[in-house]
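Trainee: Here is a sequence together with a model predicted from it:
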Amino acid sequence: MKAFYSKSRISFSLKTKCLKQAHRLSLQVSQNLESHWISLRLQGNQLGIDRYLKGFCKVPDSEDVNKDDITFSYALEIYLKLKGNDKPLTFKRSAERATPYLSAVSSDKSLASYKRCDATSLRDNLFKQGLAGSSVVRIFNTIKAIFNFVCIEKGIEIPNPFIGLYIDRGRGVTVRKPIPIANIRLIQSECKKVRMI
């Protein structure tokens, strides 16, 4: 796994003081990391499962896909064609909505041409447009999913530059404050008066 990361240790805040919520969030992060690591291992065949494939399932070296031929827009087509059949309409919309954001800052180029600077440019541009941190995270999750899926599907062994980038999830998010108890009591008393009339 070290080959995919620029640091030996990564830490971040769960942005909560509640112990229960922190525990729940840590479990979600753990599950997401496991899924992410599995996809990376599959990319590099680190699980060793390639030896169990029958001969006709293996792709000969001479027939490997040219990684320069698959642009991100083409990757989107592959992603939706193979994975979007039984998915709701929102699945297709979220994928199609995320891709133009990337094309606007980095153009539509081959997957192998995307670098870390493309990821940081995309993040900064989304925040400049006024998107909330939670929306930026959703867009990045979609882009990472498309990138990973197509690389695994086509046997392209390249690191995903959109993984591991810091995004302030709480930036621009409006926190709704609860209605004060005094106001609730006042509303209740007014309702009682109405019922009595």
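Mentor: Done, it's in. Numbering: from 1, shown residues only.

Trainee: Can you name the next helix or strand after the helix or strand bottoming out on mean pLDDT in the chain?
Mentor: Within the chain, confidence by mean pLDDT, DSSP states H and E is lowest for helix 19-43 among all helices and strands, at a mean of 77. Moving toward the C-terminus from helix 19-43, the first helix or strand encountered (DSSP states H and E) is helix 72-83.

Trainee: helices or strands up against that next one?
Mentor: helix 89-106, helix 133-154 (3 or more C-beta pairs under 8 Å, 6 or more residues apart in numbering; DSSP states H and E). No exception for glycine: its C-beta is placed from N, CA and C like everyone else's.

Trainee: Can you tell me which of these is packed in deepest?
Mentor: Burial of the helices and strands packed on helix 72-83 is given as mean neighbour count (mean count of other C-beta atoms under 10 Å); helix 133-154 ranks first at a mean of 19.

Trainee: quick one, that one and helix 89-106 angle?
Mentor: Interaxial angle, helix 133-154 versus helix 89-106 (axes from the mean of the first three to the mean of the last three C-alpha atoms, to 10 degrees): 90 degrees.

Trainee: can you pull the contacts of the spatially most central residue of the chain?
Mentor: By C-alpha atoms, centre = their mean, the chain has its centre lying nearest to residue 141, at 1.0 Å. By C-beta atoms under 8 Å, 6 or more residues apart in numbering, no residues touch residue 141.

Trainee: Can you tell me the SS state at residue 188?
Mentor: helix (DSSP: H, G, I helix; E, B strand; the rest coil).

Trainee: Can you give me the neighbour number for it?
Mentor: 10 (other C-beta atoms under 10 Å).

Trainee: And the pLDDT at it?
Mentor: Per-residue pLDDT puts residue 188 at 86.
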